[in-house]
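Undergrad: show me how the following folds:
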Amino acid sequence: MFCRIIPALITHKDICAISDDRNPGAFNVFKHCGKKIGALCLFLDILKAFAPVILAGYFLDTDSILFAFVIASPVLGHAVGLFGGRGGKCISASFGATAGLIPVTCLPFLLLAGMYVLFSGVVRIRPNRRCSIVVYACFASVCAVALNLLGYYSVALGCGIVSATAIVKHLNFRLRRSEVNENAVD
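TA: Numbering: from 1, shown residues only. So this is what the prediction gives:
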């Protein structure tokens, strides 16, 4: 988790400890460590999901079910936090994985970006967690229909797993936060 490691190394700050939501995400790094460190962390989080997907697009059959799991793997790894911690909300990893699909099809990246713009800037769903849940639910639905119609079955499956991962992460975060608030009242 670059958003956890880099601030600790450079500024000696524990992003999880100082952020309101205890999430080691890029937004919190920007907020607590500044633009340069935030941009570096965001870039690296995107890159760690982009690299395996784009490489797999050149070396694997993109119609294979294995390709779907390559799309989903960096997002799942980011969400679970394989090297300690509870993982992130996987938004930047989702963008990296869909950007890695551009040589195969640019549709997932454009849909994800467009839906975030629509629901955070035009329609404005608040709070941000709810916005992300709506974005990923719509993204999964549109990808399932459009990509299957276009014959990108494994990409559709991969995007579905990415969406499910993000939705579960955001729902679990809401549940944990409400438990913390209830315990604080007791």
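Undergrad: mind listing what's buried along stretch 63-79?
TA: Phe67, Ala68, Val70, Ile71, Ala72, Ser73, Pro74, Val75, Leu76, Gly77, His78, Ala79 (16 or more other CB atoms under 10 Å). Every residue, glycine included, has its C-beta placed from N, CA and C.
Undergrad: sorry, that was for stretch 135-149
TA: In stretch 135-149, counting by 16+ other CB under 10 Å, buried: Val135, Tyr136, Cys138, Phe139, Ala140, Val142, Cys143, Ala146, Leu147.
Undergrad: residues contacting Val74?
TA: Check again: residue 74 is Pro, not Val. Pro74 sits next to Lys48, Ala49, Pro52, Val53, Ala93, Gly96, Ala97 when contact means CB atoms under 8 Å, 6 or more residues apart in numbering.
Undergrad: what is the least confident helix or strand in the protein?
TA: Using mean pLDDT, DSSP states H and E, helix 153-185 stands out as the lowest-scoring helix or strand of the chain, at a mean of 77.
Undergrad: now the protein, which segments are flagged as low pLDDT?
TA: Along the chain, the model assigns pLDDT under 70 to residues 83-85, 173-186.
Undergrad: any idea where the helices of it begin and end?
TA: 2-10, 15-18, 26-33, 35-59, 65-80, 91-100, 107-117, 128-150, 153-185 (DSSP state H).
Undergrad: before we move on, the earlier item: can you list the contacts of Pro74 in TSV and add distance to Cys159 and neighbour count?
TA: Output for these, formatted as TSV (distance: CB to CB, whole Å; neighbours: other CB atoms under 10 Å):
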residue	distance to Cys159	neighbour count
Lys48	18	18
Ala49	13	27
Pro52	15	17
Val53	11	26
Ala93	13	27
Gly96	13	27
Ala97	9	32
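Undergrad: can I get the residues you listed in a markdown table with distance to Phe109?
TA: Output for the contacts of Pro74, formatted as a markdown table (distance: CB to CB, whole Å):
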| residue | distance to Phe109 |
| --- | --- |
| Lys48 | 16 |
| Ala49 | 12 |
| Pro52 | 15 |
| Val53 | 11 |
| Ala93 | 13 |
| Gly96 | 10 |
| Ala97 | 9 |
